[in-house]
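**Student:** What follows is a predicted structure for the sequence shown.
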Amino acid sequence: MHSCTMIKNTIMEIRDGCRENLVKYTAKAFFLLPAIERPNILEIGCGTGVPTMELARITDGTIFALEPDSESCDILRDKVRKAGSQERIKVIHCTLEAADLPVNFFDIVWAEGLLNIIGFEKGLLLGTRFLKDKGYFVIHDEIKNGGEKRRIIARHGYSLIDSFMLDRNTWLQGYYRCMEKRLLDRMSTQPVSEYDAKTFDNELRDISAYRERPENQRSIFYILKRKGKA
């Protein structure tokens, strides 16, 4: 395997391992929904599937995991295969805009992180076309512009049934310090090339930059219900 691919895979594994510290909040959001027997869940922007695998663990439903990055899809497919969950998790390599999925079909649309990339309102509208009337849309998003986001939620036919915040300490202790420790451990215990060392240093600088931007150190889960047609 090429060195660039190996180091990228190593960093992805470290990120996934640390991101798993936060899946209890995925579970918390899911259990704020009313019980739905065998729900069809569309997860948009699933990445390498850390929340995907948690959703599969806590529900008896089927998850359609949508992700435009092919390498992330490959990693998630490998996780699904190892877990023997091929019948319950369908990995789809596609953008949300180009998704060829049944409209008004899913009981739940789940988005952890995508809407702060493509835009809150855009993501909400694109996801809505796949959601049943009176279905549920769960969004994990950055904390800023909360007032405007709540207006967007109401404007597009949703009621906000619950929300909760992940504060600075949750992200710092649960994810960033975990990342920092694992990166430093990897550098100190295994030989690294000049390229690898530079890549690790860039990751560590990103963590330091995070600490200097307090406005980016919190996130929020919104649990929404789509209003039925009159």
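**Tutor:** Nice, thanks for sending it over.
**Student:** Quick check: beta-bridge partners of residue 67?
**Tutor:** Residue 67 has the following beta-bridge partners by DSSP bridges: residue 93.
**Student:** could you measure it against residue 133, distance?
**Tutor:** 26 Å (C-beta to C-beta, to the nearest Å). The C-beta positions use only the backbone N, C-alpha and C, and glycine is treated the same way.
**Student:** Settle it for me: which of those two has more neighbours?
**Tutor:** residue 67 (25 against 10; other C-beta atoms under 10 Å).
**Student:** For that one, list the residues it contacts.
**Tutor:** Contacts of residue 67 were listed using C-beta atoms under 8 Å, 6 or more residues apart in numbering, and they are 45, 46, 47, 73, 76, 91, 92, 93, 94.
**Student:** buried ones in the strand of greatest length in the chain?
**Tutor:** In the chain, with assignment by DSSP state E, the single longest strand is strand 131-142. Buried residues in strand 131-142, counted by 16 or more other C-beta atoms under 10 Å: 131, 132, 135, 136, 137, 138, 139, 140, 141, 142.
**Student:** Just flag the most distant two among those residues.
**Tutor:** Longest distance between any two of those is 27.2 Å, between 132 and 142; criterion C-beta to C-beta.
**Student:** Show the subsequent helix or strand relative to the helix or strand where residue 202 lies.
**Tutor:** Using DSSP states H and E, residue 202 sits within helix 194-211. Proceeding N to C from helix 194-211, the next assigned helix or strand is strand 219-226, under DSSP H and E.
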